[in-house]
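Asker: make a model of this:
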Amino acid sequence: MKSQDIVVLLKLISLQDQELEKGSERLRSESIGGDPYAVRNLENLTGISKTEIAQSIKRSVASGIARKDNAKNEPRPHRRNLFNFIIHGLRFVFPANPGPMQRGIPTAFAAPMLEGLLVSGGSYNYVWPYAEGREMGQSVEPLFKSVPEAALKDQHLYEYLALVDAIRLGNQREVGLASDHLKSRMLAK
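Answerer: Okay, here's the model as predicted:
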């Protein structure tokens, strides 16, 4: 497993969420080649190469956190298994270590959609380093180098990745809060 596998799976979940909101036809019309789940479109949306996306999906299917939908020939994340891995294993497999102060895009509980969920005193905001970012905070290496650009293109993905970072970075209370929020987003559909 590689860290970009989590990014790809969260993007697939984000696409499923958008499909429920917008409808299949609109989502297809906004996609390259008309197929939102095609590796070419996923490459454009995530900044991860087509080869890496194809390999990522194979690894995810082999590990049981994704499956192939034979009827539609599309990869589908196994939401419950992915959620359990994120909650119980991600911080050990892909730990996040806060770095120096940098300009970037807010993540974890500093992300705009999560701001205000947690009130803590004296801690810095976390950011993904990004040259065009406007926020100053303690830097956190994202799961994959293209995460800042991918998150700016997709608010659903941004929220999922920010919650994942809150789990990777947080103390017990923060992890619990992020887990509850992630569960309501990922498993309620």
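
Asker: C-alpha from now on. contacts and neighbour counts both.
Answerer: OK.

Asker: how near is the nearest residue to Glu159 once chain neighbours are set aside to Pro106?
Answerer: Excluding the flanking residues, the one nearest Glu159 by Cα to Cα, 6 or more residues apart in numbering is Met113, at 6.6 Å. Per Cα to Cα, to the nearest Å, Met113 is found 10 Å from Pro106.

Asker: quick one, which of the two is more surrounded?
Answerer: Pro106 (27 against 16; other Cα atoms under 10 Å).

Asker: can I assume that one sits in a helix?
Answerer: No. Remark: Pro106 does not belong to a helix; assigned using DSSP: H, G, I helix; E, B strand; the rest coil, it is strand.

Asker: which non-adjacent residue is nearest it?
Answerer: Spatially, and ignoring its direct neighbours in sequence, Pro106 is nearest to Val127 (4.2 Å; Cα to Cα, 6+ apart).

Asker: mind listing what the one you found touches?
Answerer: Neighbouring residues of Val127 by Cα atoms under 8 Å, 6 or more residues apart in numbering: 102-107, 110, 135-140.

Asker: next, it: phi, psi?
Answerer: Main-chain dihedrals, Val127, degrees, to the nearest 10: phi -140, psi 150.

Asker: what sits opposite it in the beta ladder?
Answerer: On the basis of DSSP bridges, Val127 is bridged to Pro106, Ser139.
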